[in-house]
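> coordinates only, sequence not included:
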């Protein structure tokens, strides 16, 4: 019998995710995380940051014209993208997805009642995000988004995303909540608290989420977290894959088994799946 033909490598779809931060009860800070539905086709049951794929609507002239503080050329520079309008649309996607999944909108000109009604209508499909933003005369505060990293799903996966990670401060007078559709729970966690719950096997953390939380756990406060992200270009991380003694291993740039020699960050360069939990080394 001949060998089974290899599956073609799937092209990654553009996506965006947002780490919404707020001050904690002490000098630290918390991040809003959601648990993906157990029947989701991607990262089922895992705790992640709100986000999703880029939609055509995100690049509409009506939405791009309402972006404040960052021009198309500046967005291209921030994300190292050739197409400025597409780069700005990725910022819009980040804001839209965070509103849909977490109920918070990084925008000026709206109140809590409007947001709750608009979110319900969006989920029901009775009108679009573009229509809401235009009708409510909102300003999308893309300048409050700080690019943090760019994660590309490994080539072994059948469903792949090219995801831009952003930091954003939690908007005042808005309450975050999961959408009860794609996500089944939502909560504010400190980076260290989320990592401790993973160690206790209370929550699942996918590799990009795990490494991001480890990096944020090094920040002394919110200002430090934002300053660290703003001080450099967001690194591009497309993990490599191999098996070692029956264990799944994902490598990051700088690892001896990864094609990119320069590290994305100081610290661990690989993930190893051990007893169903991803660990870094």
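That came in fine, so what should we check first? The shown structure was predicted, so the numbers you read here are calculated from the model rather than taken from an experiment. Numbers count the residues shown, from 1 in each chain.

> how many neighbouring residues does residue 142 have?
When neighbours are counted by other C-beta atoms under 10 Å, residue 142 registers 26. In this view, the C-beta of every residue, glycine as well, is placed from N, C-alpha and C.

> residue contacts, it?
67-70, 75, 88, 91-92, 95, 106 (C-beta atoms under 8 Å, 6 or more residues apart in numbering).

> quick one, longest helix in this protein?
helix 84-102 (DSSP state H).

> what comes up buried for that one?
By neighbour count with 16 or more other C-beta atoms under 10 Å, helix 84-102 contains the buried residues 84, 86-102.

> stretch 133-146 too?
Neighbour-count burial for stretch 133-146 flags 133, 138, 140-142, 144-146 (criterion: 16+ other C-beta under 10 Å).

> the host helix or strand of residue 63: what's the following helix or strand?
Using DSSP states H and E, residue 63 maps to helix 61-64. As assigned by DSSP H and E, the chain's next helix or strand after helix 61-64 is helix 72-79.

> just checking, what packs against that next one?
helix 84-102, strand 146-152 (3 or more C-beta pairs under 8 Å, 6 or more residues apart in numbering; DSSP states H and E).

> can you list contacts of the helix holding residue 63?
Counting by C-beta under 8 Å, 6+ apart, 57, 72, 85, 88-89, 92, 129-130, 133-134, 140 sit against helix 61-64.

> how about stretch 99-117?
If you take C-beta under 8 Å, 6+ apart as the criterion, stretch 99-117 is touched by 18, 20, 32, 34, 50-52, 68, 95, 98, 118-119, 122-123, 129, 133, 136-142, 144-145, 168, 170-171, 173-179, 182-183, 186.

> recalculate using a threshold of 7 Å.
For stretch 99-117, contacts defined as C-beta atoms under 7 Å, 6 or more residues apart in numbering pick out 20, 32, 34, 50, 52, 95, 98, 119, 122, 136-141, 144-145, 168, 170-171, 173-177, 179, 182-183, 186.

> from the chain's centroid, how far away is that stretch?
Between the centre of stretch 99-117 and the centre of its chain there are 18 Å (C-alpha atoms, centre = their mean, to the nearest Å).

> what does stretch 269-281 give?
Using C-alpha atoms, centre = their mean, the offset of stretch 269-281 from its chain centre is 20 Å.

> sorry, back to before: in helices, which of the buried residues of stretch 133-146 appear?
Per DSSP H, the buried residues of stretch 133-146 map to helices at residue 133.

> and the angle from the worst-scoring helix or strand of the chain on mean pLDDT to helix 84-102?
When each helix and strand of the chain is scored by mean pLDDT, DSSP states H and E, helix 112-124 comes last, with a mean of 89. For helix 112-124 against helix 84-102, the angle by axes from the mean of the first three to the mean of the last three C-alpha atoms, to 10 degrees is 100 degrees.
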